[in-house]
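>>> what follows is a protein structure lacking sequence information:
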C-alpha cells in the first residue's frame, strides 16, 4: 500500500537528475536490521552482546558504535570499521561487541548523480517527497567532497556518563578535497525513539584516511544510491 | 543487556502472586511481528495486503483489524477472528486481508493468578517495573469477568474517514459475569507511532459469544501469562 509514494519518489528522481539505473537483484532480506534502540542509548545502555561476526550475518552496510561508545562504526562491503577520535580507522575482528547497530544488505533501488551541492541542498531536494514517506531507507553516497566535517567520540569512562556528555567531548574532523563514501539511513519521524528520526550518516574516506559521524559536507560530484526497506527488524 | 529488568519483574511477580510456572519451550521466533504501523492507520492507510494465511505464518496470537477497519481482529490458537459491531464473532478465511496486525507465537515466560481486581489495578501493580522496561511483551489473561466493557467499529465507508471518526461511531458492549480471554501487547512509550504505546488488548469470550477492543474490565479470578519479546519485526 506504500508503493505509490515510493513510485512517486522514483519518478521524481528520474525526472530531475541523471538516473544511472537501479539494481533489481534482491538476493537478501530487504529489511533494515537494528540491534537495541535510540531509547537504550539515551538511557546509558552502552554494553551490548552483538558481535562483529553477528553484525555481518545481518547486513553488509550500516552504522553503529562499539561497547561503551568506543568510536563511530561504519559497515561497508561486509567489513566493520571503527573510526577513532585520533582519526585512525580499524577493521574490527569478529569478537568485538556493539550496543547499537543499524545494518542492511544494500541493493540500490534507485541511483542518481549529483554535482556541486551541499548535503543540506540534497536533503532539501528530497524533502517534499520524504515528508510523506512512511518507509525508512538506506542511502550510500560515493564521490568527491570539497569539504567534509565529521566527528568521533571517546569511549565512555563508565555508564553514568550521558550521551550528551560523550558528544560534548567529541573530536571534530575538517577534511577538504577528499574522496569516500557516506553510509547511513533515513527514518520517518514516527520511528524516533526506536531509531534516530531523519538522516544518520557516517563517512568512510578512501584509503581508510578518516571518517566518522557526519556533521556537514559539500559534494564535488557523487553518486547517490537509495535502497528502500520493506521493514525493520528490531532486536532488543 | 535488558535481562536484569526482566529478571527483576519475574522476581516481583513471584513474590506477590501465585506463580503457576513459566513455560520454557521456545520452538518459535520470540519476536513480535507487526504489519504496518499506528502511523499508517492515523494517516487513513486502511488497505493492506496481508492475508489471514500470512498472519498465521507469523504468529498464533494477536490483535489487529481487517481492510477498511472492518471490526476488531483477535488471533487466538492460530485462528483469526473478527468481532463485528453486531457482536457476531467470525472465524476468517485464508484470503481475507488486513491493514494492521500485531502477532506472536505465544509462549509464556511467566504465569501468575489474580483474583478480584480491576484491569486498572492489575496495570498499577505492574507499572513500577514496566516504567523502566524497554522490551515489549505479549499478555494473555484467561478467566472470569464480573464486568467487561469492549467495543467494535463499523467498516469505514472510504479512506477519507479518520480513525477518530471511526472510533466516535463505535458500538460498546457491556458484559457481566462472562468467561474468556484478553489477548494483546504492551509496548514501551518510545515505540509509540510505530505501534501503540502501553496496553492494546482485545477480548474473545468463550463459545465465541462476543469480544472486541477492551475499554475496561473487572476480573473475578484469572490467570495472567506474560511472554517477553526478544524484538519486533515491522513489515511496512
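Thanks, I have it. Quantities reported herein were computed from a predicted structural model and do not represent experimental measurements. Numbering: from 1, shown residues only, chains lettered A, B, ... in the order given.
>>> which residue ranges form the strands in chain A?
A:31-35, A:50-51, A:61-65, A:72-76, A:79-83, A:89-91, A:97-98, A:100-104, A:110-114, A:137-152, A:171-187, A:198-205, A:211-228, A:231-235 (DSSP state E).
>>> partner strands of the fifth one, with direction?
It stands for strand A:79-83. Strand A:79-83 has the following strand partners under DSSP bridges: strand A:72-76 (antiparallel), strand A:89-91 (antiparallel).
>>> hey, what's residue A:51 bridged with?
Counting by DSSP bridges, residue A:51 forms beta bridges with residue A:97.
>>> up against chain B, what does chain A have?
A:1-2, A:31, A:36-40, A:43, A:45, A:47-49, A:99, A:134-136, A:188-194, A:229-236 (C-beta under 8 Å from any C-beta of the partner chain). Where you see a C-beta, it was placed from the backbone N, CA and C, and this is true even at glycine.
>>> any weak-confidence spans in chain A?
For chain A, applying pLDDT under 70 flags the ranges A:1-28.
>>> quick one, what contacts residue A:104?
Applying C-beta atoms under 8 Å, 6 or more residues apart in numbering or on different chains, we find residue A:104 in contact with A:31-33, A:59, A:61-62, A:138, A:185, A:227, A:229.
>>> closest to residue B:126 among these?
Comparing those against residue B:126 with C-beta to C-beta picks out residue A:33 as the nearest, at 30.1 Å.
>>> count of neighbours near the closest one?
By other C-beta atoms under 10 Å in any protein chain shown, 24 other residues sit near residue A:33.
>>> so it touches residue B:31, yeah?
No. Contact between residue A:33 and residue B:31 fails when scored by C-beta atoms under 8 Å: they sit 11.5 Å apart.
>>> turn the strands paired with strand A:79-83 into CSV, columns for mean neighbour count.
Formatted as CSV, those follow (neighbours: other C-beta atoms under 10 Å in any protein chain shown):
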stretch, mean neighbour count
strand A:72-76, 26
strand A:89-91, 15
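>>> point to the residue nearest the middle of chain A.
Nearest to the geometric centre of chain A sits residue A:184, at 1.6 Å (C-alpha atoms, centre = their mean).
>>> need the nearest residue in space to residue A:209, chain neighbours excluded.
Residue nearest to residue A:209 in three dimensions, not counting chain neighbours: residue A:178, with 7.1 Å by C-beta to C-beta, 6 or more residues apart in numbering or on different chains.
>>> now for residue A:158, how many residues are close by?
For residue A:158, the number of neighbouring residues by other C-beta under 10 Å comes to 8.
>>> look up how far residue A:223 lies from it.
Distance, residue A:158 to residue A:223, using C-beta to C-beta, to the nearest Å: 42 Å.
>>> mind listing what residue A:98 touches?
Residue A:98 is in contact with A:35, A:48, A:50-52, A:55, A:64-67, A:73, counting by C-beta under 8 Å, 6+ apart.
>>> go again using 7 Å as the cut-off
A:35, A:48, A:50, A:55, A:64-67, A:73 (C-beta atoms under 7 Å, 6 or more residues apart in numbering or on different chains).
>>> which of those residues tops the neighbour count?
The member of these that has the most neighbours, counting by other C-beta under 10 Å, is residue A:73 with 27 neighbours.
>>> wait, it sits on residue A:80?
Yes. Using C-beta atoms under 7 Å, residue A:73 is in contact with residue A:80, at 6.4 Å.
>>> what comes up buried for stretch A:189-203?
A:190-197, A:199-203 (16 or more other C-beta atoms under 10 Å in any protein chain shown).
>>> right, I'll leave it there.
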